[in-house]
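S.K.: heads up, no residue letters with this:
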(Lines give C-alpha, C1' and ligand atoms only; values in the text may rest on other atoms or scores of the structure.)
Protein backbone atom coordinates (compact mmCIF):
# COMPACT_ATOMS: atom_id res chain seq x y z
CA UNK A 1 0.00 0.00 0.00
CA UNK A 2 1.41 3.34 -1.10
CA UNK A 3 0.62 6.66 0.51
CA UNK A 4 0.53 8.32 -2.93
CA UNK A 5 0.70 7.00 -6.46
CA UNK A 6 1.62 9.62 -9.05
CA UNK A 7 0.69 9.05 -12.69
CA UNK A 8 3.42 10.33 -15.01
CA UNK A 9 7.05 11.27 -14.51
CA UNK A 10 7.17 14.77 -15.93
CA UNK A 11 8.29 17.88 -14.08
CA UNK A 12 5.14 18.29 -11.97
CA UNK A 13 5.07 14.61 -10.97
CA UNK A 14 8.75 14.54 -10.01
CA UNK A 15 8.38 17.71 -7.95
CA UNK A 16 5.33 16.35 -6.14
CA UNK A 17 7.13 13.08 -5.50
CA UNK A 18 10.12 14.84 -3.97
CA UNK A 19 7.92 16.99 -1.76
CA UNK A 20 6.00 13.99 -0.44
CA UNK A 21 9.07 11.80 0.01
CA UNK A 22 10.66 14.58 2.07
CA UNK A 23 7.92 13.97 4.62
CA UNK A 24 8.35 10.23 4.71
CA UNK A 25 5.50 9.23 2.43
CA UNK A 26 5.75 6.01 0.46
CA UNK A 27 5.48 7.35 -3.08
CA UNK A 28 5.65 5.73 -6.51
CA UNK A 29 5.76 7.45 -9.91
CA UNK A 30 4.24 5.47 -12.79
CA UNK A 31 5.55 6.39 -16.25
CA UNK A 32 4.29 4.62 -19.36
CA UNK A 33 7.37 5.49 -21.42
CA UNK A 34 10.96 4.29 -21.20
CA UNK A 35 12.16 7.75 -20.19
CA UNK A 36 11.13 10.58 -17.88
CA UNK A 37 10.22 14.20 -18.50
CA UNK A 38 7.06 14.07 -20.61
CA UNK A 39 7.20 16.88 -23.16
CA UNK A 40 10.27 18.35 -21.44
CA UNK A 41 12.55 15.43 -22.11
CA UNK A 42 15.60 14.66 -24.24
CA UNK A 43 16.85 12.10 -26.73
CA UNK A 44 19.94 11.17 -28.70
CA UNK A 45 19.85 10.91 -32.49
CA UNK A 46 22.76 10.16 -34.82
CA UNK A 47 25.29 10.98 -32.12
CA UNK A 48 23.75 14.29 -31.01
CA UNK A 49 21.73 15.21 -27.94
CA UNK A 50 18.41 17.00 -28.36
CA UNK A 51 16.12 18.67 -25.84
CA UNK A 52 12.37 18.28 -26.33
CA UNK A 53 10.22 21.19 -25.25
CA UNK A 54 12.83 23.39 -23.56
CA UNK A 55 13.43 26.77 -25.17
CA UNK A 56 14.10 28.54 -21.91
CA UNK A 57 13.18 28.50 -18.25
CA UNK A 58 10.94 31.38 -17.25
CA UNK A 59 10.84 33.22 -13.90
CA UNK A 60 14.63 33.54 -13.74
CA UNK A 61 15.24 35.90 -10.87
CA UNK A 62 18.88 36.54 -9.87
CA UNK A 63 20.82 34.22 -7.59
CA UNK A 64 20.01 35.00 -3.98
CA UNK A 65 16.50 36.35 -4.72
CA UNK A 66 14.06 35.46 -1.93
CA UNK A 67 10.83 36.02 -3.87
CA UNK A 68 9.33 34.55 -7.02
CA UNK A 69 8.42 31.02 -8.20
CA UNK A 70 12.02 29.93 -8.74
CA UNK A 71 13.13 30.91 -5.24
CA UNK A 72 10.08 29.23 -3.72
CA UNK A 73 10.54 25.94 -5.57
CA UNK A 74 14.23 25.79 -4.67
CA UNK A 75 13.28 26.16 -0.99
CA UNK A 76 10.43 23.65 -1.18
CA UNK A 77 12.53 21.01 -2.93
CA UNK A 78 15.69 21.90 -0.98
CA UNK A 79 17.87 22.65 -3.96
CA UNK A 80 20.36 25.46 -4.31
CA UNK A 81 20.61 27.87 -7.22
CA UNK A 82 23.88 26.25 -8.26
CA UNK A 83 22.22 22.82 -8.62
CA UNK A 84 20.63 24.02 -11.86
CA UNK A 85 23.43 26.31 -13.09
CA UNK A 86 21.03 28.64 -14.91
CA UNK A 87 22.48 31.21 -17.29
CA UNK A 88 20.34 34.24 -18.22
CA UNK A 89 19.30 35.09 -21.74
CA UNK A 90 21.39 37.51 -23.79
CA UNK A 91 18.26 39.23 -25.05
CA UNK A 92 15.09 38.48 -26.98
CA UNK A 93 12.66 40.31 -29.25
CA UNK A 94 9.12 40.46 -30.58
CA UNK A 95 9.12 41.30 -34.30
CA UNK A 96 6.08 42.43 -36.28
CA UNK A 97 6.08 44.28 -39.64
CA UNK A 98 8.03 47.50 -39.13
CA UNK A 99 7.93 47.13 -35.34
CA UNK A 100 10.32 45.51 -32.89
CA UNK A 101 10.31 45.26 -29.10
CA UNK A 102 13.47 44.02 -27.39
CA UNK A 103 13.47 42.62 -23.86
CA UNK A 104 15.82 40.86 -21.47
CA UNK A 105 15.84 40.03 -17.77
CA UNK A 106 15.77 43.72 -16.84
CA UNK A 107 12.08 44.74 -17.09
CA UNK A 108 13.01 48.37 -17.64
CA UNK A 109 14.28 47.53 -21.12
CA UNK A 110 10.79 46.62 -22.29
CA UNK A 111 9.39 49.84 -20.80
CA UNK A 112 12.01 51.80 -22.76
CA UNK A 113 11.19 49.85 -25.92
CA UNK A 114 7.48 50.59 -25.58
CA UNK A 115 8.32 54.26 -25.10
CA UNK A 116 10.46 54.18 -28.26
CA UNK A 117 7.97 52.37 -30.51
CA UNK A 118 4.70 53.55 -28.95
CA UNK A 119 5.42 56.78 -27.03
CA UNK A 120 1.75 57.60 -26.50
CA UNK A 121 1.23 54.24 -24.77
CA UNK A 122 4.03 54.25 -22.22
CA UNK A 123 2.01 55.71 -19.35
CA UNK A 124 -0.74 53.14 -19.88
CA UNK A 125 1.88 50.42 -20.12
CA UNK A 126 3.40 51.41 -16.79
CA UNK A 127 -0.07 51.27 -15.21
CA UNK A 128 -0.61 47.82 -16.75
CA UNK A 129 2.67 46.61 -15.27
CA UNK A 130 1.72 48.02 -11.86
CA UNK A 131 -1.59 46.15 -11.95
CA UNK A 132 0.20 42.90 -12.83
CA UNK A 133 2.58 43.29 -9.88
CA UNK A 134 -0.43 43.17 -7.56
CA UNK A 135 -2.21 40.17 -9.09
CA UNK A 136 -3.24 37.27 -6.85
CA UNK A 137 -1.91 34.19 -8.68
CA UNK A 138 -4.50 31.97 -10.35
CA UNK A 139 -8.03 32.25 -8.97
CA UNK A 140 -11.38 31.14 -10.34
CA UNK A 141 -12.36 34.82 -10.50
CA UNK A 142 -9.40 35.72 -12.70
CA UNK A 143 -10.09 32.70 -14.91
CA UNK A 144 -13.38 34.34 -15.95
CA UNK A 145 -11.84 37.69 -16.96
CA UNK A 146 -10.80 38.25 -20.60
CA UNK A 147 -7.19 39.42 -20.71
CA UNK A 148 -7.78 41.19 -24.02
CA UNK A 149 -10.68 43.16 -22.61
CA UNK A 150 -8.78 44.01 -19.43
CA UNK A 151 -5.58 45.04 -21.22
CA UNK A 152 -7.66 47.32 -23.46
CA UNK A 153 -8.46 49.42 -20.39
CA UNK A 154 -4.76 50.35 -20.22
CA UNK A 155 -3.59 50.31 -23.86
CA UNK A 156 -5.34 51.85 -26.87
CA UNK A 157 -2.86 50.84 -29.59
CA UNK A 158 -3.98 47.46 -31.06
CA UNK A 159 -0.54 46.66 -32.49
CA UNK A 160 1.15 46.97 -29.09
CA UNK A 161 -1.49 44.69 -27.59
CA UNK A 162 -0.86 42.07 -30.30
CA UNK A 163 2.91 42.27 -29.76
CA UNK A 164 2.53 41.67 -26.03
CA UNK A 165 0.13 38.76 -26.44
CA UNK A 166 2.29 36.95 -29.02
CA UNK A 167 5.05 35.64 -26.68
CA UNK A 168 2.69 35.13 -23.74
CA UNK A 169 0.37 32.94 -25.81
CA UNK A 170 3.16 30.98 -27.48
CA UNK A 171 4.63 30.17 -24.08
CA UNK A 172 1.49 29.56 -22.06
CA UNK A 173 -2.03 29.86 -23.47
CA UNK A 174 -4.27 26.83 -23.90
CA UNK A 175 -7.13 29.15 -24.82
CA UNK A 176 -7.58 30.22 -28.43
CA UNK A 177 -7.81 33.91 -29.39
CA UNK A 178 -7.54 35.16 -25.80
CA UNK A 179 -6.12 34.43 -22.35
CA UNK A 180 -7.75 34.66 -18.97
CA UNK A 181 -6.45 37.54 -16.89
CA UNK A 182 -4.79 35.37 -14.26
CA UNK A 183 -2.81 33.41 -16.84
CA UNK A 184 -1.86 36.63 -18.65
CA UNK A 185 -0.45 38.03 -15.39
CA UNK A 186 1.51 34.86 -14.67
CA UNK A 187 3.04 34.71 -18.14
CA UNK A 188 3.77 38.46 -18.24
CA UNK A 189 5.63 38.22 -14.95
CA UNK A 190 7.38 35.03 -16.02
CA UNK A 191 8.71 36.36 -19.32
CA UNK A 192 8.87 40.16 -19.11
CA UNK A 193 9.41 40.88 -15.42
CA UNK A 194 11.47 37.95 -14.16
CA UNK A 195 13.02 36.69 -17.38
CA UNK A 196 14.46 33.72 -19.22
CA UNK A 197 17.41 31.42 -18.60
CA UNK A 198 18.77 27.98 -19.40
CA UNK A 199 21.17 25.47 -17.86
CA UNK A 200 24.23 24.93 -20.06
CA UNK A 201 23.44 21.19 -20.08
CA UNK A 202 19.80 21.80 -20.97
CA UNK A 203 16.82 19.91 -19.60
CA UNK A 204 18.97 16.85 -18.75
CA UNK A 205 20.48 18.61 -15.75
CA UNK A 206 17.08 19.49 -14.33
CA UNK A 207 15.67 16.00 -14.79
CA UNK A 208 18.83 14.35 -13.49
CA UNK A 209 18.72 16.38 -10.28
CA UNK A 210 15.00 15.82 -9.75
CA UNK A 211 15.24 12.05 -10.19
CA UNK A 212 18.37 11.78 -8.07
CA UNK A 213 16.73 13.69 -5.23
CA UNK A 214 13.48 11.69 -5.48
CA UNK A 215 15.28 8.34 -5.34
CA UNK A 216 17.60 9.47 -2.55
CA UNK A 217 14.51 10.06 -0.43
CA UNK A 218 13.23 6.54 -1.02
CA UNK A 219 10.83 7.32 -3.85
CA UNK A 220 10.05 4.62 -6.41
CA UNK A 221 10.03 5.27 -10.16
CA UNK A 222 8.55 2.65 -12.48
CA UNK A 223 9.19 3.12 -16.21
CA UNK A 224 7.17 1.29 -18.89
CA UNK A 225 4.40 1.20 -16.30
CA UNK A 226 1.42 2.73 -18.05
CA UNK A 227 -1.84 2.92 -16.10
CA UNK A 228 -4.76 1.22 -17.85
CA UNK A 229 -7.38 2.23 -15.25
CA UNK A 230 -7.94 3.79 -11.86
CA UNK A 231 -9.94 1.54 -9.56
CA UNK A 232 -12.83 3.33 -7.86
CA UNK A 233 -14.98 2.18 -4.94
CA UNK A 234 -17.53 4.24 -3.01
CA UNK A 235 -16.35 7.58 -4.34
CA UNK A 236 -12.68 6.92 -3.69
CA UNK A 237 -9.76 5.84 -5.83
CA UNK A 238 -8.33 2.72 -4.22
CA UNK A 239 -5.47 2.03 -6.64
CA UNK A 240 -4.54 1.44 -10.26
CA UNK A 241 -4.24 -1.40 -12.72
CA UNK A 242 -1.17 -1.18 -14.95
CA UNK A 243 -1.15 -2.13 -18.61
CA UNK A 244 0.61 -5.39 -17.77
CA UNK A 245 -2.14 -6.31 -15.29
CA UNK A 246 -0.25 -5.40 -12.11
CA UNK A 247 -2.48 -3.89 -9.42
CA UNK A 248 -1.19 -1.27 -6.96
CA UNK A 249 -3.09 0.14 -3.97
CA UNK A 250 -2.78 3.66 -2.59
CA UNK A 251 -4.40 6.03 -0.12
CA UNK A 252 -4.50 8.72 -2.78
CA UNK A 253 -3.59 9.31 -6.42
CA UNK A 254 -2.08 12.39 -8.03
CA UNK A 255 -2.23 12.46 -11.82
CA UNK A 256 -0.18 14.59 -14.21
CA UNK A 257 -1.77 12.94 -17.26
CA UNK A 258 -4.24 15.76 -17.93
CA UNK A 259 -7.88 16.26 -16.91
CA UNK A 260 -9.66 14.42 -19.74
CA UNK A 261 -7.01 11.73 -19.86
CA UNK A 262 -7.26 11.12 -16.10
CA UNK A 263 -11.06 11.04 -16.12
CA UNK A 264 -11.04 8.36 -18.82
CA UNK A 265 -8.89 6.16 -16.61
CA UNK A 266 -11.48 6.09 -13.82
CA UNK A 267 -13.55 2.89 -13.90
CA UNK A 268 -16.61 4.28 -12.08
CA UNK A 269 -18.48 5.11 -15.28
CA UNK A 270 -18.78 8.82 -14.52
CA UNK A 271 -18.93 10.95 -17.70
CA UNK A 272 -16.51 13.42 -16.16
CA UNK A 273 -14.31 13.58 -19.27
CA UNK A 274 -17.11 15.36 -21.11
CA UNK A 275 -17.26 18.14 -18.52
CA UNK A 276 -14.56 20.15 -20.30
CA UNK A 277 -13.16 20.09 -23.81
CA UNK A 278 -9.53 19.13 -24.46
CA UNK A 279 -7.18 21.72 -25.88
CA UNK A 280 -6.55 22.06 -29.62
CA UNK A 281 -3.26 23.96 -29.75
CA UNK A 282 -0.26 21.94 -30.87
CA UNK A 283 3.13 22.60 -32.44
CA UNK A 284 5.61 21.52 -35.03
CA UNK A 285 9.23 22.30 -34.24
CA UNK A 286 12.33 22.10 -36.39
CA UNK A 287 15.80 21.69 -34.87
CA UNK A 288 18.78 22.62 -37.05
CA UNK A 289 22.38 21.96 -36.05
CA UNK A 290 24.82 24.44 -37.63
CA UNK A 291 28.53 24.30 -38.30
CA UNK A 292 28.91 27.75 -36.68
CA UNK A 293 27.64 29.54 -33.61
CA UNK A 294 24.66 31.74 -34.67
CA UNK A 295 26.50 34.79 -33.34
CA UNK A 296 28.98 34.31 -36.19
CA UNK A 297 26.04 34.83 -38.53
CA UNK A 298 25.29 38.13 -36.78
CA UNK A 299 22.44 36.65 -34.76
CA UNK A 300 22.74 37.00 -30.99
CA UNK A 301 19.08 37.01 -29.93
CA UNK A 302 18.03 34.30 -27.51
CA UNK A 303 14.44 34.13 -28.72
CA UNK A 304 12.59 35.88 -31.54
CA UNK A 305 8.80 35.84 -31.49
CA UNK A 306 7.66 36.76 -34.99
CA UNK A 307 4.40 37.60 -36.70
CA UNK A 308 4.04 38.70 -40.32
CA UNK A 309 0.98 40.97 -40.05
CA UNK A 310 -0.40 43.57 -37.60
CA UNK A 311 -2.84 41.00 -36.19
CA UNK A 312 -1.67 37.95 -34.26
CA UNK A 313 -3.73 34.78 -34.75
CA UNK A 314 -3.74 32.24 -31.93
CA UNK A 315 -5.93 29.34 -33.03
CA UNK A 316 -5.60 25.77 -34.23
CA UNK A 317 -4.70 26.05 -37.94
CA UNK A 318 -6.69 24.46 -40.74
CA UNK A 319 -3.45 23.93 -42.69
CA UNK A 320 -0.66 21.53 -41.57
CA UNK A 321 1.42 24.39 -40.10
CA UNK A 322 0.62 28.06 -39.57
CA UNK A 323 3.59 29.94 -41.00
CA UNK A 324 2.31 33.43 -40.20
CA UNK A 325 3.93 33.44 -36.77
CA UNK A 326 6.37 31.44 -34.69
CA UNK A 327 9.19 31.28 -32.18
CA UNK A 328 12.88 31.18 -33.11
CA UNK A 329 15.18 30.05 -30.32
CA UNK A 330 18.94 29.67 -30.30
CA UNK A 331 20.14 27.71 -27.22
CA UNK A 332 23.59 29.17 -27.93
CA UNK A 333 22.47 32.68 -27.09
CA UNK A 334 22.45 32.56 -23.32
CA UNK A 335 25.17 34.14 -21.17
CA UNK A 336 27.07 30.91 -20.47
CA UNK A 337 30.51 30.86 -18.92
CA UNK A 338 31.62 28.65 -21.82
CA UNK A 339 30.35 28.21 -25.36
CA UNK A 340 27.65 25.62 -26.00
CA UNK A 341 29.45 23.88 -28.87
CA UNK A 342 27.69 23.41 -32.20
CA UNK A 343 25.21 26.02 -33.25
CA UNK A 344 21.50 25.26 -32.89
CA UNK A 345 18.40 27.01 -34.23
CA UNK A 346 14.90 25.89 -33.24
CA UNK A 347 11.70 27.09 -34.93
CA UNK A 348 8.27 26.45 -33.44
CA UNK A 349 4.92 27.06 -35.19
CA UNK A 350 1.30 26.14 -34.58
CA UNK A 351 0.27 22.88 -36.25
CA UNK A 352 -2.84 20.90 -37.13
CA UNK A 353 -2.94 17.71 -35.04
CA UNK A 354 -5.56 15.94 -37.16
CA UNK A 355 -3.56 16.42 -40.34
CA UNK A 356 -0.36 14.96 -38.92
CA UNK A 357 -2.17 12.12 -37.17
CA UNK A 358 -3.86 11.09 -40.43
CA UNK A 359 -0.65 10.40 -42.37
CA UNK A 360 0.76 6.93 -42.90
CA UNK A 361 4.41 6.37 -42.05
CA UNK A 362 5.77 7.11 -45.52
CA UNK A 363 3.62 10.22 -45.97
CA UNK A 364 4.58 11.40 -42.50
CA UNK A 365 8.31 11.31 -43.25
CA UNK A 366 7.83 13.07 -46.60
CA UNK A 367 5.65 15.78 -45.06
CA UNK A 368 8.19 16.37 -42.32
CA UNK A 369 10.81 17.09 -44.98
CA UNK A 370 8.46 19.36 -46.92
CA UNK A 371 7.29 21.33 -43.90
CA UNK A 372 10.78 21.58 -42.42
CA UNK A 373 11.72 23.60 -45.52
CA UNK A 374 8.59 25.73 -45.34
CA UNK A 375 9.02 26.50 -41.63
CA UNK A 376 12.63 27.59 -42.16
CA UNK A 377 11.61 29.68 -45.17
CA UNK A 378 9.12 31.46 -42.93
CA UNK A 379 11.59 32.04 -40.11
CA UNK A 380 14.46 33.49 -42.16
CA UNK A 381 12.29 36.47 -42.97
CA UNK A 382 13.08 37.63 -39.44
CA UNK A 383 16.58 36.30 -38.70
CA UNK A 384 19.76 35.81 -40.76
CA UNK A 385 19.44 33.01 -43.30
CA UNK A 386 21.31 30.10 -41.76
CA UNK A 387 20.26 27.40 -44.22
CA UNK A 388 23.69 27.17 -45.83
CA UNK A 389 25.29 26.24 -42.49
CA UNK A 390 22.93 23.38 -41.51
CA UNK A 391 24.67 20.03 -40.96
CA UNK A 392 21.90 18.07 -39.21
CA UNK A 393 18.15 18.39 -38.75
CA UNK A 394 15.27 16.90 -36.84
CA UNK A 395 11.62 17.82 -36.45
CA UNK A 396 8.79 16.92 -34.15
CA UNK A 397 5.06 17.22 -34.80
CA UNK A 398 1.79 16.96 -32.83
CA UNK A 399 2.01 13.17 -33.04
CA UNK A 400 5.36 13.34 -31.23
CA UNK A 401 3.72 15.37 -28.47
CA UNK A 402 0.93 12.79 -28.14
CA UNK A 403 3.51 10.03 -27.88
CA UNK A 404 5.47 11.74 -25.11
CA UNK A 405 2.58 13.28 -23.15
CA UNK A 406 -0.59 11.38 -24.04
CA UNK A 407 -2.44 14.71 -24.31
CA UNK A 408 -5.51 14.70 -26.53
CA UNK A 409 -4.87 16.54 -29.82
CA UNK A 410 -1.20 16.93 -28.90
CA UNK A 411 -2.30 19.94 -26.85
CA UNK A 412 0.91 21.39 -25.49
CA UNK A 413 -0.83 23.45 -22.81
CA UNK A 414 -3.69 21.06 -22.13
CA UNK A 415 -7.33 22.00 -21.71
CA UNK A 416 -8.42 25.67 -21.93
CA UNK A 417 -10.33 25.42 -18.65
CA UNK A 418 -8.05 24.66 -15.72
CA UNK A 419 -8.88 22.93 -12.43
CA UNK A 420 -7.07 25.38 -10.22
CA UNK A 421 -7.55 23.48 -6.96
CA UNK A 422 -6.62 20.14 -8.57
CA UNK A 423 -9.74 18.42 -7.25
CA UNK A 424 -11.76 15.82 -9.15
CA UNK A 425 -15.09 14.09 -8.51
CA UNK A 426 -13.25 11.55 -6.32
CA UNK A 427 -12.24 12.69 -2.84
CA UNK A 428 -8.70 11.32 -3.04
CA UNK A 429 -7.85 11.76 -6.75
CA UNK A 430 -6.16 15.02 -7.72
CA UNK A 431 -4.47 16.44 -10.81
CA UNK A 432 -1.27 18.42 -11.15
CA UNK A 433 0.62 19.91 -14.07
CA UNK A 434 -0.73 21.60 -17.18
CA UNK A 435 -4.45 21.07 -16.56
CA UNK A 436 -4.19 22.23 -12.96
CA UNK A 437 -3.18 25.66 -14.20
CA UNK A 438 0.59 26.20 -14.44
CA UNK A 439 2.60 25.71 -17.62
CA UNK A 440 6.27 25.65 -18.56
CA UNK A 441 9.00 23.93 -16.57
CA UNK A 442 8.93 26.28 -13.59
CA UNK A 443 5.14 26.30 -13.66
CA UNK A 444 4.93 22.51 -13.81
CA UNK A 445 7.32 22.09 -10.88
CA UNK A 446 5.36 24.69 -8.92
CA UNK A 447 2.11 22.86 -9.69
CA UNK A 448 3.47 19.57 -8.38
CA UNK A 449 4.66 21.18 -5.18
CA UNK A 450 1.45 23.11 -4.55
CA UNK A 451 -0.84 20.14 -5.18
CA UNK A 452 1.29 17.92 -2.94
CA UNK A 453 1.17 20.53 -0.20
CA UNK A 454 -2.55 21.16 -0.57
CA UNK A 455 -3.90 17.64 -0.88
CA UNK A 456 -1.30 15.11 0.23
CA UNK A 457 0.38 16.66 3.27
CA UNK A 458 -2.65 18.03 5.14
CA UNK A 459 -4.04 15.23 7.26
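M.R.: Now that the structure is in, tell me what you want to look at. Since we're looking at a predicted model, the values are computed, not measured.

S.K.: C-alpha from now on. contacts and neighbour counts both.
M.R.: Will do.

S.K.: Determine the longest helix present in the protein.
M.R.: In terms of residue count, the longest helix belonging to the chain (DSSP state H) is helix 361-379.

S.K.: and that helix, what's its mean pLDDT?
M.R.: In this model, helix 361-379 has an average pLDDT of 97.

S.K.: Show me what the helix or strand that comes right after it is in contact with.
M.R.: Following helix 361-379 in sequence order, the next helix or strand is strand 390-396 (DSSP states H and E). Contacts to strand 390-396, defined as CA atoms under 8 Å, 6 or more residues apart in numbering, come from residues 284-291, 368, 372.

S.K.: Checking residue 185 next. Helix, strand or coil?
M.R.: Three-state call for residue 185 (DSSP: H, G, I helix; E, B strand; the rest coil): helix.

S.K.: That one and residue 191: what is the separation?
M.R.: 10 Å (CA to CA, to the nearest Å).

S.K.: cool, and residue 174?
M.R.: Taking CA to CA, one finds residue 174 at 17 Å from residue 191.

S.K.: These two - which one has more neighbours?
M.R.: Neighbours were counted for residue 174 and for residue 191 using other CA atoms under 10 Å; residue 174 has more, 31 against 22.

S.K.: so the more buried one is in which element?
M.R.: Using DSSP H and E, residue 174 falls outside every helix and strand.

S.K.: so residue 39 sits right up against residue 404, yeah?
M.R.: Yes: using CA atoms under 8 Å, residue 39 is in contact with residue 404, at 5.8 Å.

S.K.: who touches residue 155 in this structure?
M.R.: Residues counted as contacts of residue 155 (CA under 8 Å, 6+ apart) are 121, 124-125, 161.

S.K.: Residue 294 too?
M.R.: 300, 330, 332-333, 343-345.

S.K.: Try it again at 6 Å.
M.R.: Residue 294 makes contacts with residue 343, as judged by CA atoms under 6 Å, 6 or more residues apart in numbering.

S.K.: can you check residue 289 too?
M.R.: 343-344, 390-392.

S.K.: now swap in residue 414 and tell me
M.R.: 279, 434-435.

S.K.: ok, the closest residue to it other than its chain neighbours to residue 203 distance?
M.R.: The shortest distance from residue 414 to any non-neighbouring residue, by CA to CA, 6 or more residues apart in numbering, is to residue 279 (5.2 Å). Counting by CA to CA, the gap from residue 279 to residue 203 is 25 Å.

S.K.: ok, now residue 351?
M.R.: For residue 351, the distance to residue 203 - CA to CA - is 24 Å.

S.K.: Residue 310 now?
M.R.: Taken as CA to CA, the span from residue 310 to residue 203 is 34 Å.

S.K.: who has more neighbours, the two?
M.R.: The residue with more neighbours, out of residue 310 and residue 203, is residue 203; 24 against 15, by other CA under 10 Å.

S.K.: so where do the helices sit in the chain?
M.R.: Using DSSP H, helices in the chain cover 11-22, 69-77, 107-117, 122-133, 140-143, 147-151, 158-170, 181-188, 203-216, 259-265, 353-357, 361-379, 398-405, 440-451.
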